[in-house]
Every structure is written in C-alpha cells, then in structure tokens.
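K.L.:
kindly generate the corresponding structure for this input.
(2 chains)
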Amino acid sequence: SQTIHQWPATLVQPVGSPLSLECTVEGTSNPNLYWYRQAAGRGLQLLFYSVGIGQISSEVPQNLSASRPQDRQFILSSKKLLLSDSGFYLCAWSGIARTGELFFGEGSRLTVL
Amino acid sequence: QQQVKQSPQSLIVQKGGISIINCAYENTAFDYFPWYQQFPGKGPALLIAIRPDVSEKKEGRFTISFNKSAKQFSLHIMDSQPGDSATYFCAASKGSGGYQKVTFGTGTKLQVIP
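P.N.:
Predicted structure coming up:
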C-alpha cells in the first residue's frame, strides 16, 4: 500500500531563518507531488506541483521554493522566512489516473516568530 | 478569483440530524468533484467523489448531490455522529498538462453535538 511521510511535524523558526520541509512517498512510482499551504480558518492553497524528477511548477509567487531530487521525494524550502510564511503545510501525491484524488501527508505546522 | 465557493463556514448539528454543506463552481471544465474530511492536526482525507455525468452518489451515510446546470453540488451526512465532527472541503478538478489541478473550497467546520 502507498504511504506518505512528511517531516518535521512541528517547527518554530525565527524570521529570516531558512526552511526545509521534506516529504517522501512509498509504494508507488512516478507520482505527481504537491505542496499545499493551509492558513488558519482558510482553504488549501496550492504552492507547487511536480510531475517528475526536477520538474517543478509554481502556482503562487512567494518566498518559497520546491525541489524534487528523487522520484518520490519532494522538498519545500526557503532561504529567509517571513512572518507570513506561518501555516500548516501539506504534501500530497496523486497517481496517473486522471482524477482529483489527492493523498495527503500528516502536515507540518510552521510558526515563524 | 475563487473558483469554488463553499457554505456554510461552520455548522452545528444535533446527533442523528442531517448535515448539509453546499458548494458552487464556475469553471465548466471541471470534471471531478471530490470531498475531503480533515480532523484537527491531520491532513485531509478523501471522503467521497462524483463525476458530472452523475446526479447523486451515496456511500454509507454520505451522499453527494450534483446539479450540473446550476453548477452546484452538496454533501449530505445522514444520521450525523459526534465522530463526524471535522472540517469538510469540497473540491473541483480538471486535467492540466500531466496532472489534475484541484481547486478547494474554503472549508466547513462541522460540530455534531450529542
């Protein structure tokens, strides 16, 4: 069966510090990978998606970047965090079937102080 | 531009009652309409989904009603239970290149009281 792991689960970082959130998927090959951000009381905002190694598309211009160094690994990064980067970050994957079925990780709660 | 509008923002229902959450979309290119359930501190999980060529889909106590002409769809939770207390997101997706682009509603926080 497929599983998705995301870490760290909780992170408190000062403004201006770097960020690295990591996500790995097991049990599937060539997944589409996604990073979403969920602000308090709001919906899910798509930040990045990837259809293959090294292929990253950005949905929203921001202080963040993403990389996919391996087929089942997706990393969200920032060189200098802003207060507005606080939120709940969710990694997700989908298969090749053309549906809207996303499988989410447990999320990473980022607080920037 | 918000492409999927969801209401209400919050909902309180008595145990055993019916919970109803409504969504409306604008883009007729959407071809798949999933609902996700999210418990506090967890990632969303797919609950039930429907394609636009079907007017209703039922899975256990959960039913999606779909009105293509009105571009609206809704989730009905029959015999609501305290364990159903969660945030529910409707979504709409369409093919875009090599992946399905999923647009989410803003969520409905459901509380089922005993």
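
K.L.:
contact partners for A:Gln73?
P.N.:
Listed by C-beta atoms under 8 Å, 6 or more residues apart in numbering or on different chains, the contact partners of A:Gln73 are A:22-25. To be clear about C-beta, it is placed using only N, CA and C from the backbone, and glycine gets the same treatment.

K.L.:
so which of those belong to strands?
P.N.:
When strands are assigned by DSSP state E, the members of these inside them are A:22-25.

K.L.:
mind picking out the helix or strand in chain B with the poorest mean pLDDT?
P.N.:
The weakest-scoring helix or strand in chain B, judged by mean pLDDT, DSSP states H and E, is strand B:99-104 (a mean of 84).

K.L.:
interface residues of chain A facing chain B?
P.N.:
A:6, A:32, A:41-44, A:46, A:49, A:51-52, A:90, A:92, A:94, A:98-107, A:109 (C-beta under 8 Å from any C-beta of the partner chain).

K.L.:
check contacts around the residue in chain A positioned nearest to chain B.
P.N.:
Shortest chain A-to-chain B distance, computed as C-beta to the nearest C-beta: residue-wise this is A:Gly100, at 2.8 Å. The neighbours of A:Gly100, taking C-beta under 8 Å, 6+ apart as the test, are A:94, B:32-34, B:49, B:91-93, B:100, B:102.

K.L.:
which among these end up buried?
P.N.:
Among those, those scoring as buried are A:94, B:32-34, B:49, B:91-93, B:100, B:102 (criterion: 16 or more other C-beta atoms under 10 Å in any protein chain shown).
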